[in-house]
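[1] I'd like to go over a predicted model; first the sequence, then the structure.
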Number of protein chains: 2
Amino acid sequence: MRLVVARCQVDYAGRLTAHLPMATRVLMLKSDGSVLVHSDGGSYKPLNWMSPPCTVREGTTDDGQVEWTVTAKAPKGQTPDTLRILVEEILHDSEHDLGIDPGLQKDGVEKHLQELLAEHPATLSAGLTLVRREFPTAIGPVDLMCRDEAGLSVAVEIKRRGEIDGVEQLTRYLELLNRDPLLTTKGAVRGIFAAQEIKPQARVLAEDRGITCAVVDYDALRGLDNAEDRLF
Amino acid sequence: MRLVVARCQVDYAGRLTAHLPMATRVLMLKSDGSVLVHSDGGSYKPLNWMSPPCTVREGTTDDGQVEWTVTAKAPKGQTPDTLRILVEEILHDSEHDLGIDPGLQKDGVEKHLQELLAEHPATLSAGLTLVRREFPTAIGPVDLMCRDEAGLSVAVEIKRRGEIDGVEQLTRYLELLNRDPLLTTKGAVRGIFAAQEIKPQARVLAEDRGITCAVVDYDALRGLDNAEDRLF
DNA sequence: AAGTGGATCTCGTTT
DNA sequence: AAACGAGGTCCACTT
């Protein structure tokens, strides 16, 4: 990774043509050949860039100015995109060995949602209390096992996006759970399908099978949680 | 703009939660408070980031480690997104004054002409039909690629003011396009140089090279377009 | 200000 | 490998 701060002008030709007038900018040259041109503002998107795979060629113009030409690997039969950086003055230039990056862990919302709903099961249905998280069955753990005011067992399946396969999953769980005499003493196990967003098809299927749909307000739950944290 | 290379760990909580294990990365702290965390690879998208408006607070943990907490301006009633950067070791740290950036030029006026002519290619030459806009070549996209009544390919270069360099540009495109057997089955690719105003020198050069000049009546084209809009 | 559609989209997952 | 959908989308333009 090479970090350069320079007065430069940038021209891009590819799907579109674009031009950056001479000004001071940050150039990030990654070891895979990709180049990012950033200004001091805006969002995470660079003013201009070249995505890998691509190659950087360093040259000089007739005037003796430094010129970087970044050429993308052309898709077969197509023409390569090019990024031309004309450097007027280099204000900073440093090279850094970052090593390989272990990469981003997206602790999906699903897991966080499960934690939050385990803390606040009553938001799903009034009077609901948690029995345990990750309640084991022969075909995998049920996200939340709860009990309602009437003492009935309630199995909760949590998804970020509620789609048909999630309903199928919960249905299979309910099938198994309803064979367990310990869970059905007061009556059949109820199912709640909880998600931030429930697709229409999934909702129809769920309701057809007597499964309750619960649209979860993630932000509200987080707020609820934070409010409690502040109390203690 | 502050550029930092550091061994750090990053945690994001917002629409989703995400975690970056301890590793060496580049941190870009822009003057609007926004922060970008980049690795040495991937595309222009940072591993993690915080978009403006947001604020950075520099603190120290109980262990004495540097910790940056970036907090987004929360939408009303909602909980703010946060980005926590735990810094283990700083390998590079520099501050740069970039000034304001003049911003990206995405060829604008010319673009509208291109749209209008793409809608009405026959105004350039009777019987002309559009094949595609921004037809790609190795040295940049041809504004319009068309076909005439005889089935010949026609490359159209559009300028607001037609000057010599525009003719040179179209000449380069034609040179490349005429090497493509798919475009030249019925004969050589023709060129049309279209502009609101064509300078005499450019006209001479174009005609010398067998390129047709077309003076575009911008107002008439707009009228034509509006008339069609009224019909449908 | 809110909504809409495109993007040099990027980034996953599925087919 | 291509196709499809979602995104902490971003971004410009419209209502």
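    That came through, no problem.

[2] A:Leu128 reaches A:Leu144, doesn't it?
    No: contact between A:Leu128 and A:Leu144 fails when scored by C-beta atoms under 8 Å: they sit 9.0 Å apart. The C-beta positions use only the backbone N, C-alpha and C, and glycine is treated the same way.

[3] If you count surrounding residues, which of these two has more?
    A:Leu144 (24 against 21; other C-beta atoms under 10 Å in any protein chain shown).

[4] just to revisit the earlier point, overlap in contacts, A:Leu128 and A:Leu144.
    By the contact definition C-beta atoms under 8 Å, 6 or more residues apart in numbering or on different chains, A:Leu128 and A:Leu144 are jointly contacted by A:Pro121.

[5] what residues does chain A put near DNA strand C?
    A:12, A:14-16, A:18, A:48-51, A:81, A:104 (C-beta under 7 Å from any atom of the strand).

[6] Of those, which count as buried by neighbour count?
    By neighbour count, with 16 or more other C-beta atoms under 10 Å in any protein chain shown, the residues of chain A next to DNA strand C hold A:12, A:14, A:18, A:48-51, A:81, A:104 as buried.

[7] want to throw those into JSON lines with secondary structure, pLDDT and distance to B:Pro136?
    Supplementary listing: these in JSON lines, determined by DSSP: H, G, I helix; E, B strand; the rest coil; pLDDT from 0 to 100; distance: C-beta to C-beta, whole Å:
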{"residue": "A:Tyr12", "secondary structure": "strand", "pLDDT": "89", "distance to B:Pro136": "13"}
{"residue": "A:Gly14", "secondary structure": "coil", "pLDDT": "78", "distance to B:Pro136": "8"}
{"residue": "A:Ala18", "secondary structure": "strand", "pLDDT": "85", "distance to B:Pro136": "15"}
{"residue": "A:Asn48", "secondary structure": "strand", "pLDDT": "95", "distance to B:Pro136": "18"}
{"residue": "A:Trp49", "secondary structure": "strand", "pLDDT": "96", "distance to B:Pro136": "18"}
{"residue": "A:Met50", "secondary structure": "strand", "pLDDT": "95", "distance to B:Pro136": "16"}
{"residue": "A:Ser51", "secondary structure": "coil", "pLDDT": "94", "distance to B:Pro136": "16"}
{"residue": "A:Asp81", "secondary structure": "coil", "pLDDT": "86", "distance to B:Pro136": "9"}
{"residue": "A:Leu104", "secondary structure": "coil", "pLDDT": "85", "distance to B:Pro136": "33"}
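
[8] Closest one of these to DNA strand D?
    For those, the closest approach to DNA strand D (C-beta to the nearest atom of the strand) belongs to A:Leu104, at 8.6 Å.

[9] Dig out what A:Ile85 forms beta bridges with.
    A:Val10, A:Trp68 (DSSP bridges).

[10] Touching, it and A:Leu36? I think so.
    No: under the criterion of C-beta under 8 Å, A:Ile85 makes no contact with A:Leu36, lying 11.1 Å away.

[11] Common neighbours of the two, please.
    In contact with both A:Ile85 and A:Leu36: A:Leu27, using C-beta under 8 Å, 6+ apart.

[12] before we move on, back to that, take the residues of chain A next to DNA strand C and write them to JSON lines, including distance to A:His120.
    Shown next, in JSON lines, are those (distance: C-beta to C-beta, whole Å):
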{"residue": "A:Tyr12", "distance to A:His120": "50"}
{"residue": "A:Gly14", "distance to A:His120": "50"}
{"residue": "A:Arg15", "distance to A:His120": "48"}
{"residue": "A:Leu16", "distance to A:His120": "49"}
{"residue": "A:Ala18", "distance to A:His120": "49"}
{"residue": "A:Asn48", "distance to A:His120": "47"}
{"residue": "A:Trp49", "distance to A:His120": "43"}
{"residue": "A:Met50", "distance to A:His120": "48"}
{"residue": "A:Ser51", "distance to A:His120": "43"}
{"residue": "A:Asp81", "distance to A:His120": "50"}
{"residue": "A:Leu104", "distance to A:His120": "28"}
